[in-house]
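Student: Generate coordinates for the sequence data below:
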Amino acid sequence: MNFQTMYNEKLTSAEDAVKVVNSGDWVDYGWCTGTPVALDAAMAKRLPELTDVNFRGGILMHVPEIFKIDSPAQHMTWNSWHMGGIERKAIAQNFSFYNPIRYSELPRYYRDSATPSLVAMFQVAPMDKHGYFNFGPNASHMAAVCERAEIIIVEVNENMPRCLGGFEEGIHISKVDMIVEGNNPAIDELGGGGAATEVDQAVARTLSEPEARYWFNCNPESAEHWFYKEWICNTRQKKALHLHFTMQDNPILSPEQIADAERLYTGVFYNRYIKGLWCVAEGLIYPQFDREKHIEQRNNPQGEWYISVDYGTLNAFSAGLWCYDGTTAYRAAEYYYSGRETRKQLTNAQYLQRIQQLAGSHKIAGVISAPSAASFIAELRNADFTVRKGKNAVVDGIRRVSSALQAEKLRFSPDCKNCIREFGLYRWDESCSEDRPIKENDHAMDDVRYFVNTIMGEEASISRVIGGI
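Tutor: Model (predicted):
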């Protein structure tokens with residue numbers, strides 16, 4: 001059966017489509033500009049016959065028709081993942097509720113939900129020649145919604161743009177139950193913030209001059225900050241002039257005051273507050289890491305060779321090649337791959353090939369792997385690698401890595417660029433009452449921890465290191 005035939009068989013009216021919704025059902029209502037229009041109007045006509053219909057959605061761009069029925073609180077609840085002004089006003093009518101979330105985890109909430117939506121209805125772009133309906137600029141968590149919903153109804157809008165992303169940006173007709181063709185309304189847009197202020201007008205007049213220039217005054221933060229990566233690292237491309245000032249350029253401070261300030265800081269705090277470099281200081285898990293002390297080039301390291309692995313599919317896969325002489329461990333090379341950034345996932349067989357390439361001609365005494373990577377561990381063992389499951393005690397492992405850094409028992413090749421980068425970004429979650437790292441910029445940090453915790457063990461943590469924990 002071709003896609004157009006399937007399309008014609010599933011085509012129905014909005015009025016017939018919403019008949020699948022019954023009292024007590026959970027209904028997903030799309031997201032942002034994907035909120036249904038024709039289906040919404042039909043749902044508003046049916047809703048007074050029902051009770052306790054629970055809708056999920058968010059970032060509403062217009063007031064849905066279901067909000068306009070008489071006494072909506074007697075028939076429905078609206079459960080928002082992200083509230084705008086429309087939804088906040090609906091709270092006063094006692095049918096609108098906010099779901100506090102960490103937005104990046106929203107797809108997981110759907111996939112793990114104990115109350116998945118029975119019905120999902122939302123706007124999409126017209127079907128392409130491969131049978132896919134694109135979610136438009138609303139992809140977000142919609143693929144996860146479709147995975148759990150029992151009934152999927154799409155409302156086709158010819159004005160919905162196709163937004164390509166490589167992953168989870170649409171749904172195939174084979175997974176769609178009903179298709180509704182609406183009236184193709186224009187895609188919602190947010191209104192302007194009001195009339196231009198005097199400041200807005202002054203900026204516009206200034207920039208209209210032939211030699212107009214923007215000036216940015218920056219207080220350095222992380223080297224991963226968008227402004228640093230987009231502007232500071234690309235001054236030639238941006239035709240920008242970068243001027244870097246330090247305390248020595250402050251005419252108000254005396255040499256004695258500058259010297260007093262410099263004595264207050266060491267390590268990363270010195271780089272951040274005295275040198276004014278773009279690096280994380282507050283909450284940094286490994287402030288002991290010092291590029292001058294811990295990074296060195298060794299041409300012929302001696303000792304036993306190991307590989308540590310933090311396994312990831314969409315999240316980054318990180319592996320380090322170590323040479324350990326019983327006292328000092330040298331990370332000689334690394335392999336680092338992010339399926340999310342490259343938009344291409346690798347298989348276990350492909351990762352195994354990368355590990356073999358990383359090992360090279362070295363005899364590997366053992367591969368220390370993330371203990372949860374069961375299928376990859378089996379792949380390694382089938383290839384005759386000796387595998388040890390990494391000890392995964394996070395706080396104890398961080399303490400041991402901190403101690404090893406302080407005692408200068410860890411060294412890193414300049415080629416381990418991703419590992420070195422993460423040392424400058426790995427931070428504690430200061431909003432948490434317990435010691436817990438933020439789950440980002442942590443893939444190489446995890447494989448380092450597996451190695452130190454498992455191979456170096458207690459030898460790496462003879463003494464407690466102030467500032468590490």
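Student: List the buried residues of stretch 146-163.
Tutor: 146-149, 151-157, 160, 162 (16 or more other Cβ atoms under 10 Å). (C-beta placed from N, C-alpha, C; glycine too.)
Student: Tell me which helix or strand comes right after the least confident helix or strand in the chain by mean pLDDT.
Tutor: The least trusted helix or strand in the chain, going by mean pLDDT, DSSP states H and E, turns out to be helix 267-273, with a mean of 70. As assigned by DSSP states H and E, the chain's next helix or strand after helix 267-273 is helix 291-294.
Student: pull the CA atoms of that next one into CSV?
Tutor: What follows is helix 291-294 as a C-alpha-only set of coordinates in CSV (Å, rounded to 0.1, in the frame of the first residue of the first chain):
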residue,chain,number,x,y,z
ARG,A,291,47.2,22.8,33.4
GLU,A,292,50.8,23.6,34.2
LYS,A,293,51.1,20.7,36.7
HIS,A,294,48.9,18.0,35.2
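Student: List the buried residues of it.
Tutor: residue 294.
Student: For it, what is the distance to the chain centroid?
Tutor: 30 Å (Cα atoms, centre = their mean, to the nearest Å).
Student: Likewise for stretch 360-373?
Tutor: For stretch 360-373, the distance to the chain centre is 28 Å (Cα atoms, centre = their mean).
Student: And that stretch, what's buried?
Tutor: 362, 364, 366, 367, 368, 369, 370, 373.
Student: how about the fourth one, secondary structure?
Tutor: The assignment at residue 367 comes out as strand when based on DSSP: H, G, I helix; E, B strand; the rest coil.
Student: per-residue pLDDT, residue 201?
Tutor: Here, the pLDDT recorded for residue 201 equals 80.
Student: In contact with it: list those residues for me.
Tutor: If you count contacts by Cβ atoms under 8 Å, 6 or more residues apart in numbering, residue 201 has none.
Student: And for residue 311?
Tutor: Residue 311 touches 317, 351, 369, 370, 372, 373, 376, counting by Cβ under 8 Å, 6+ apart.
Student: how close does it sit to residue 392?
Tutor: The gap separating residue 311 from residue 392 is 12 Å, by Cβ to Cβ, to the nearest Å.
Student: where do the contact lists of those two overlap?
Tutor: residue 370.
Student: ok, residue 400 to residue 313 distance?
Tutor: From residue 400 to residue 313 the distance is 28 Å (Cβ to Cβ).
Student: Compare these two (neighbour count), which wins?
Tutor: Neighbour count, other Cβ atoms under 10 Å: between residue 400 and residue 313, residue 400 has more, with 26 against 15.
Student: Over to the more buried one. Which of the three states is it?
Tutor: Under three-state DSSP, residue 400 comes out as helix.
Student: ok, now residue 121?
Tutor: Residue 121 is classified as strand under three-state DSSP.
Student: Surely it touches residue 156?
Tutor: No: in this structure, residue 121 is not within contact of residue 156 by Cβ atoms under 8 Å, at 12.0 Å.
Student: quick one: residue 323 is in a helix?
Tutor: No: Residue 323: not assigned to a helix; according to three-state DSSP it is strand.
Student: check contacts around the nearest residue to it once chain neighbours are set aside.
Tutor: Nearest non-adjacent residue to residue 323, counting by Cβ to Cβ, 6 or more residues apart in numbering: residue 301, 4.0 Å away. Residues in contact with residue 301 (Cβ under 8 Å, 6+ apart) are 323, 325, 330, 332.
Student: I'd like the distance between the residue nearest to the second one when sequence neighbours are not counted and residue 361.
Tutor: Read that as residue 325. Once flanking residues are discounted, residue 325 sits nearest to residue 303: 3.6 Å by Cβ to Cβ, 6+ apart. In this view, residue 303 and residue 361 are 15 Å apart by Cβ to Cβ.
Student: Now render the buried residues of stretch 360-373 as JSON lines, adding pLDDT.
Tutor: Putting these into JSON lines (pLDDT from 0 to 100) gives the following:
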{"residue": "362", "pLDDT": "96"}
{"residue": "364", "pLDDT": "97"}
{"residue": "366", "pLDDT": "96"}
{"residue": "367", "pLDDT": "97"}
{"residue": "368", "pLDDT": "96"}
{"residue": "369", "pLDDT": "95"}
{"residue": "370", "pLDDT": "91"}
{"residue": "373", "pLDDT": "92"}
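Student: Show me which of those residues is closest to residue 219.
Tutor: Distance to residue 219 across the buried residues of stretch 360-373 (Cβ to Cβ) is lowest for residue 370, with 37.0 Å.
Student: how about the helices in the stretch 51-200 of the chain?
Tutor: Counting by DSSP state H, counting those that start in this stretch, the stretch 51-200 of the chain has helices at residues 85-91, 106-112, 142-148, 198-207.
Student: quick one: buried residues of the first one?
Tutor: Neighbour counts using 16+ other Cβ under 10 Å place 86, 87, 90 of helix 85-91 among the buried residues.
Student: same question, stretch 126-134
Tutor: 127, 131, 132, 133, 134.
Student: and the most centrally placed residue in the chain, how far is that from residue 303?
Tutor: The centre of the chain sits closest to residue 104, judged by Cα atoms, centre = their mean, with a distance of 5.8 Å. Residue 104 sits 40 Å away from residue 303, going by Cβ to Cβ.
Student: Repeat that for residue 94.
Tutor: 69 Å.
Student: Of these two, give the one with the bigger neighbour count.
Tutor: More crowded of residue 94 and residue 303, by other Cβ under 10 Å: residue 303, with 15 against 12.
Student: and the more buried one, what pLDDT?
Tutor: We have a pLDDT of 96 for residue 303.
Student: so it sits right up against residue 326, yeah?
Tutor: Yes: counting by Cβ under 8 Å, residue 303 touches residue 326, with 7.0 Å between them.
Student: next helix or strand past the strand or helix carrying residue 15?
Tutor: Taking DSSP H and E as the definition, one finds residue 15 inside helix 14-17. Per DSSP H and E, helix 14-17 leads on to strand 26-28 as the next helix or strand towards the C-terminus.
Student: Just checking: what are the partner strands of that next one?
Tutor: Paired with strand 26-28 in the same sheet, following DSSP bridges, are strand 53-57 (parallel), strand 119-124 (parallel).
Student: Okay, residue 354 and residue 317: tell me how far apart.
Tutor: Distance from residue 354 to residue 317, by Cβ to Cβ: 8 Å.
Student: More neighbours: which of the two?
Tutor: residue 317 (26 against 15).
Student: Can you get me a residue count around the residue nearest to that one when sequence neighbours are not counted?
Tutor: By the measure of Cβ to Cβ, 6+ apart, the closest residue to residue 317 outside its immediate chain neighbours is residue 337, 4.9 Å from it. Counted with other Cβ under 10 Å, residues neighbouring residue 337 total 19.
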